[in-house]
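Chemist: Make a model of this:
(one chain, ligands or ions: 1)
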Amino acid sequence: MNFLQLSSLRFSARKYTDEPVSQDDLNYILECTRLAPSAVNKQPWKFIIVESDEAKAKLHMCYNREWFATAPLYIIALKNNNADWVRPSDQKHHGDVDVSIAVEHICLAATERGLGSCWVCNYDTDMMLHLFPQPEGWEAVAIVPIGHIADDCPRNEKKRKEMNEIIERL
Ligand SMILES: Cc1cc2nc3c(=O)[nH]c(=O)nc-3n(C[C@H](O)[C@H](O)[C@H](O)COP(=O)(O)O)c2cc1C
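Modeler: Next up is the predicted model:
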């Protein structure tokens, strides 16, 4: 599969089967994640694998959607606001950028392994802080459910802006 095929194949999967994600697939996804680039190579991130029934139940309270609860496994991607690169010219923190790249590595690696995934950011942030307390400076950026895609998983048409709407050439 070339990169264009992989990019086209990935979609936000919102229904999974009960089949667990194999340790081999998870290891592969995590290694692809670990190799993601970050500003000044700071790697201001960590990734929490949510697989126990107890932890999954807590996560479902943070993002209470029927489809979300069908996933056998989740990865919470977090940034460290005290360890990311801050651009000197405007003090902009780059932790969100760094973690976002890593999260997309998760999604594309999952796609390559035939698995579904979905970015989830619309969770209850107060509930996340309460149920998954983190050391000072750490903050969740996204939750990624991962699993085998259900046969009746909804598949939306890929709607994207036209090339001429998004590209400028100087
Ligand atoms: C930063 C970000 C946050 C997102 N948060 C959610 C979310 O909370 N819930 C959800 O169902 N989808 C979420 N999505 C998925 C988008 O809706 C989806 O990527 C977009 O509609 C394009 O569809 P596709 O991923 O199937 O190509 C998010 C995507 C991104 C990149």
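
Chemist: residues from the protein in reach of the ligand?
Modeler: Residues of the chain lying near the ligand by C-beta under 6 Å from any ligand atom: 11, 12, 118, 119, 120, 121, 122, 156, 158. Just so you know, the C-beta spots here come from the backbone N, C-alpha and C atoms, and that holds for glycine as well.

Chemist: Now render the residues you listed as JSON lines, adding pLDDT.
Modeler: Below are those laid out as JSON lines (pLDDT from 0 to 100):
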{"residue": "11", "pLDDT": "98"}
{"residue": "12", "pLDDT": "98"}
{"residue": "118", "pLDDT": "98"}
{"residue": "119", "pLDDT": "99"}
{"residue": "120", "pLDDT": "99"}
{"residue": "121", "pLDDT": "98"}
{"residue": "122", "pLDDT": "98"}
{"residue": "156", "pLDDT": "91"}
{"residue": "158", "pLDDT": "95"}
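
Chemist: So how do I select the buried members of those residues in ChimeraX?
Modeler: In ChimeraX, a selection of the buried entries from the residues of the chain next to the ligand looks like this (16 or more other C-beta atoms under 10 Å):
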select :11,12,118,119,120
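
Chemist: And the residues of the chain next to the ligand, which is closest to residue 36?
Modeler: residue 119 (14.8 Å; C-beta to C-beta).

Chemist: which one is that closest one nearest to, not counting chain neighbours?
Modeler: Spatial nearest neighbour of residue 119, excluding adjacent residues (C-beta to C-beta, 6 or more residues apart in numbering): residue 142 at 5.5 Å.

Chemist: ditto for residue 10
Modeler: Using C-beta to C-beta, 6+ apart and skipping residues adjacent in sequence, the residue nearest residue 10 is residue 111, 4.2 Å away.

Chemist: circling back to that earlier point, can you name the residues bridging to the residue nearest to residue 119?
Modeler: residue 77 (DSSP bridges).

Chemist: what residues are up against it?
Modeler: Residues in contact with residue 142 (C-beta atoms under 8 Å, 6 or more residues apart in numbering) are 76, 77, 99, 100, 103, 119, 120, 121.

Chemist: rewinding a little: tell me, how many neighbours does the residue nearest to residue 10 end up with?
Modeler: Using other C-beta atoms under 10 Å, residue 111 is surrounded by 22 other residues.

Chemist: Packing partners of the helix or strand where it lies?
Modeler: Per DSSP states H and E, residue 111 falls inside helix 95-112. When contacts are defined as 3 or more C-beta pairs under 8 Å, 6 or more residues apart in numbering; DSSP states H and E, helix 95-112 packs onto helix 3-9, helix 23-34, strand 45-50, strand 73-80, strand 116-117, strand 138-147.

Chemist: can you tell which of those is closest to residue 165?
Modeler: Proximity to residue 165 (C-beta to C-beta) singles out helix 3-9 among the helices and strands packed on helix 95-112, at 18.1 Å.
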